[in-house]
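[1] generate a structure from the sequence data that follows.
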Amino acid sequence: MKILILGVNQKGRYNWGHQLFKDAVAKRHNVRFYGSGFKYWNSRRTEIHSIMKMLEFQPAIILSYMGKYCAWVKGLASIEIPKVHIVVDYFPWNYEVENRFIRRNRIDLVLPVCQHEAVLLRRHGFEVRHLPFGVDTEVFQCAGQERRNDIMAIFSVVPWAYPTRRKILEELRKLKVRSLLGESWPKSRLWQRDYVKELCNSKIVVNGVDKCRSLNWKFLESCACGAMLLTEEAEDMGHLGFKDGENCVVFSGMQDLRQKALYYLSKEGESSRKRIAEKGQELVLSRHSLENRVEELTSILHERFG
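    Have a look, this model is predicted:
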């Protein structure tokens with residue numbers, strides 16, 4: 001399938017999972033990229049017909065990735081090629097940005113990564129199919145090394161989006177265990193493969209969900225690297241195969257977090273921790289790899305557009 005993907009090149013960013021997904025699409029299909037950071041990008045060339053002529057590429061599908069990264073494109077509304085748009089981080093502060101992009105460009109199909117986003121986008125009158133996060137299992141994998149961190153919790157701490165993450169860090173700092181804890185700000189982020197390395201070095205990875213209680217990449221990345229995921233409950237985790245006590249552990253409140261962390265680090269809980277981590281890894285490898293997601297995307301496009 002010939003697909004033109006519009007957006008920014010996120011390969012050099014800390015949240016490179018976005019670009020890893022787009023690269024996985026390019027492995028399966030005949031893809032051209034256009035946007036900031038890609039070859040041939042020209043900020044003065046923003047009209048879609050001119051772009052396709054310059055690329056010498058006539059796509060069957062035009063796929064835009066996040067409205068804020070594609071606001072520059074012109075002429076999409078008048079083109080007859082099917083248009084698909086992927087939405088990530090659909091919160092009140094950017095509803096209008098995404099909604100305006102979808103309406104202005106007459107997008108045919110919207111693919112949000114979270115269920116709560118799918119519900120809200122449908123309420124705004126858009127045609128929607130849920131396409132969850134996936135993880136690159138060739139990047140997020142372990143070589144079986146010894147895990148020197150008892151607990152790892154490295155994540156963005158943005159109070160309006162993640163109301164409990166700062167409290168989680170405060171609680172974990174009280175535990176007398178080997179831990180790798182931190183707020184992921186631009187100057188202190190673990191970068192790409194260094195982040196993967198620390199996931200692989202950790203027995204337990206703790207995760208806090210956003211205020212919409214949606215599943216995030218931590219579910220997939222942690223499990224792919226063989227750590228036991230200790231997380232707040234996400235609304236769509238059951239739909240994606242995550243089960244408390246089977247392939248992850250759910251905590252509710254700071255006291256429960258402390259008790260479960262200490263139990264699964266104890267000799268009594270060690271075998272259960274390893275079993276849960278193994279089952280979590282099996283789930284992600286079998287259902288949530290980027291190959292799985294690209295297969296889902298391909299099926300959706302064939303079903304919707306023929």
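[2] who are the packing partners of the helix or strand encompassing Met52?
    Assigned by DSSP states H and E, Met52 belongs to helix 48-55. Judged by 3 or more C-beta pairs under 8 Å, 6 or more residues apart in numbering; DSSP states H and E, the packing partners of helix 48-55 are strand 2-6, strand 30-34. All C-beta spots, glycine's among them, are computed from the backbone N, C-alpha and C.
[3] which one, of these, ends up nearest to Gly269?
    Among these, the nearest to Gly269 by C-beta to C-beta is strand 2-6 (44.8 Å).
[4] using CSV, write out every CA atom in whichever helix or strand comes after that closest one.
    Following strand 2-6 in sequence order, the next helix or strand is helix 17-28 (DSSP H and E). This file holds the C-alpha atoms of helix 17-28, laid out as CSV (Å, rounded to 0.1, in the frame of the first residue of the first chain):
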residue,chain,number,x,y,z
GLY,A,17,8.0,5.5,20.2
HIS,A,18,5.9,7.7,17.8
GLN,A,19,8.6,7.5,15.1
LEU,A,20,9.3,3.8,15.8
PHE,A,21,5.6,3.1,15.0
LYS,A,22,5.8,5.2,11.8
ASP,A,23,9.0,3.4,10.8
ALA,A,24,7.2,0.1,11.3
VAL,A,25,4.5,1.1,8.9
ALA,A,26,7.2,2.0,6.4
LYS,A,27,8.7,-1.6,6.8
ARG,A,28,5.3,-3.1,5.8
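[5] I'd like the average pLDDT over helix 17-28.
    Taken as a whole, helix 17-28 has a mean pLDDT of 97.
[6] make sure Val209 is actually in contact with Ala234.
    Yes. With contact defined as C-beta atoms under 8 Å, Val209 and Ala234 form a contacting pair (5.0 Å).
[7] and those two? Which one has more around it.
    Using other C-beta atoms under 10 Å, the more surrounded residue of Val209 and Ala234 is Ala234, with 25 against 22.
[8] I'd say the more buried one and Trp217 touch.
    No. With contacts counted by C-beta under 8 Å, Ala234 stays clear of Trp217, the gap being 11.5 Å.
[9] name the nearest residue to Met237, sequence neighbours excluded.
    What sits nearest to Met237 in space, not counting adjacent residues and going by C-beta to C-beta, 6 or more residues apart in numbering, is Leu215, at 5.4 Å.
[10] SS state for the one you found?
    Secondary structure state of Leu215, per DSSP: H, G, I helix; E, B strand; the rest coil, is coil.
[11] burial count for it?
    Neighbours around Leu215, by other C-beta under 10 Å: 27.
[12] tell me the contacts of it?
    Cys114, Pro132, Phe133, Val209, Ala234, Glu235, Asp236, Met237, Leu240, Phe242 (C-beta atoms under 8 Å, 6 or more residues apart in numbering).
[13] repeat that with 6 Å
    Ala234, Asp236, Met237 (C-beta atoms under 6 Å, 6 or more residues apart in numbering).
[14] what sits against the second one?
    Just to be clear, that refers to Asp236. Neighbouring residues of Asp236 by C-beta under 6 Å, 6+ apart: Gln115, Leu215.
[15] just Leu290 next, same as before
    Residues in contact with Leu290, defined by C-beta under 6 Å, 6+ apart, are Phe21, Ala24, Gly134, Asp136.
[16] what is the nearest of those residues to Asp256?
    Nearest to Asp256, judged by C-beta to C-beta, of these is Gly134 at 29.4 Å.
[17] list phi and psi for that closest one.
    Here is the backbone geometry of Gly134 (degrees, to the nearest 10): phi -130, psi 170.
[18] the nearest residue to it once chain neighbours are set aside and Pro159: what is the separation?
    Nearest non-adjacent residue to Gly134, counting by C-beta to C-beta, 6+ apart: Arg293, 3.3 Å away. The gap separating Arg293 from Pro159 is 30 Å, by C-beta to C-beta, to the nearest Å.
[19] likewise Ser202?
    In this view, Ser202 and Pro159 are 25 Å apart by C-beta to C-beta.
[20] more neighbours: the two, which one.
    Between Ser202 and Pro159, counting by other C-beta under 10 Å, Ser202 is the more crowded of the two (25 against 10).
[21] hey, what's the more buried one bridged with?
    Listed beta-bridge partners, Ser202: Asn149 (assigned using DSSP bridges).
[22] in contact with it, which residues?
    Ser202 touches Arg147, Asn149, Met152, Ala227, counting by C-beta under 6 Å, 6+ apart.
[23] now the element after the lengthiest helix in the chain, going C-ward?
    Ranked by number of residues, the top helix in the chain under DSSP state H is helix 267-287. Where DSSP H and E defines the elements, the next helix or strand beyond helix 267-287 is helix 290-305.
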